[in-house]
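**Student:** here is my input; please provide its structure:
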Amino acid sequence: MNRTGRTLILGCLSLVAPLLASAGDNSLLVPAIGRCSLNASPEEMPQALAACQEMANQGDTQAQYELGEFFYDGQRTQRDLPQAMHWFEQSSLQGNAQAQLRLGTMFFRGEGVQANNVQAYIVLKMAAVNGSDEAMDSADQVAERMGREELQAASQVLGQIFRSYLLELQNIDNGGPSGFNPSPASPVPGISPQAPAFAPN
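**Tutor:** Numbers count the residues shown, from 1 in each chain. The predicted model follows:
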């Protein structure tokens, strides 16, 4: 999927996965702990970057977020928005609120991706659920620029996400196995994985 054709499924629905990962203790927060040494000297940077990428590829959400920031800010390397978005998405899928905040902001501003208020709003709301106060304020700013139909579509998607989360919590509380595993290909009523980013019913 190219970066301008991202769907609500990729940008938003699979963000429920982090909620489920920590559902056992009902915690929705992912702690932010530094992983990479990307402020290394120019001579040490290739080794530091390789080590960070290895951790990120193994699923370390904080390393993924830090790589996203590394490529986003462009202070220690050439700015690379597609790389930044890739790593923010990977970290977002695991519930990193900072990555979700950055990703939602990129969707809102159209940085490295076609601007999309609906996706921005949903991702920012997920960041707020995961503990980002700044994301709640940003979601409110996005909402001010959205039409009624856009807000309805976003609210519907968020409602589906939280219904799925609550059902999973009930399943865990009842001792059942975890059977809900959303992915970018997970079908959602009314939203096709191949549909445009804004696809209200």
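
**Student:** and the top helix by length along the chain, what's buried?
**Tutor:** Counting by DSSP state H, the longest helix found in the chain is helix 148-173. Neighbour counts over helix 148-173 (16 or more other Cβ atoms under 10 Å) mark 150, 153-154, 156-158, 160-161, 164-165, 168, 171-172 as buried. Every residue, glycine included, has its C-beta placed from N, CA and C.

**Student:** I'd like to know which of those residues is nearest to residue 39.
**Tutor:** residue 161 (35.7 Å; Cβ to Cβ).

**Student:** surely residue 157 touches residue 119?
**Tutor:** No: using Cβ atoms under 8 Å, residue 157 is not in contact with residue 119; the gap is 9.4 Å.

**Student:** any chance you could map the helices in this structure?
**Tutor:** Under DSSP H, the chain gives helices at 8-11, 17-21, 45-57, 61-73, 81-92, 97-109, 117-129, 133-144, 148-173.

**Student:** could those helices go into CSV alongside mean pLDDT and distance to residue 36?
**Tutor:** Below are the helices of the chain laid out as CSV (pLDDT from 0 to 100; distance: least, Cβ to Cβ, whole Å):
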stretch, mean pLDDT, distance to residue 36
helix 8-11, 39, 24
helix 17-21, 40, 20
helix 45-57, 92, 4
helix 61-73, 94, 5
helix 81-92, 95, 11
helix 97-109, 96, 14
helix 117-129, 94, 21
helix 133-144, 94, 22
helix 148-173, 87, 30
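
**Student:** who wins for proximity to residue 35 among those helices?
**Tutor:** Of the helices of the chain, nearest to residue 35 by Cβ to Cβ is helix 61-73, at 4.3 Å.

**Student:** which elements pack onto the closest one?
**Tutor:** For helix 61-73, the elements it packs on are helix 45-57, helix 81-92, helix 97-109, judged by 3 or more Cβ pairs under 8 Å, 6 or more residues apart in numbering; DSSP states H and E.

**Student:** which of those helices sits most buried?
**Tutor:** helix 97-109 (a mean of 25; mean count of other Cβ atoms under 10 Å).

**Student:** show me what it is packed against.
**Tutor:** Counting contacts by 3+ Cβ pairs under 8 Å, 6+ apart, helix 97-109 is packed against helix 61-73, helix 81-92, helix 117-129, helix 133-144.

**Student:** what about the closest residue in space to residue 40 that isn't next to it in sequence, distance to residue 76?
**Tutor:** Excluding its sequence neighbours, the residue lying closest to residue 40 (Cβ to Cβ, 6 or more residues apart in numbering) is residue 48, at 4.1 Å. To residue 76, residue 48 is 10 Å away according to Cβ to Cβ, to the nearest Å.

**Student:** cool, residue 99 as well?
**Tutor:** 19 Å.

**Student:** repeat for residue 174
**Tutor:** Distance of residue 174 to residue 76, computed by Cβ to Cβ: 49 Å.

**Student:** those two: who's more crowded?
**Tutor:** residue 76 (14 against 7; other Cβ atoms under 10 Å).

**Student:** show the contacting residues for that one.
**Tutor:** Counting by Cβ atoms under 8 Å, 6 or more residues apart in numbering, residue 76 touches 38-39, 45, 70.

**Student:** all set now, cheers.
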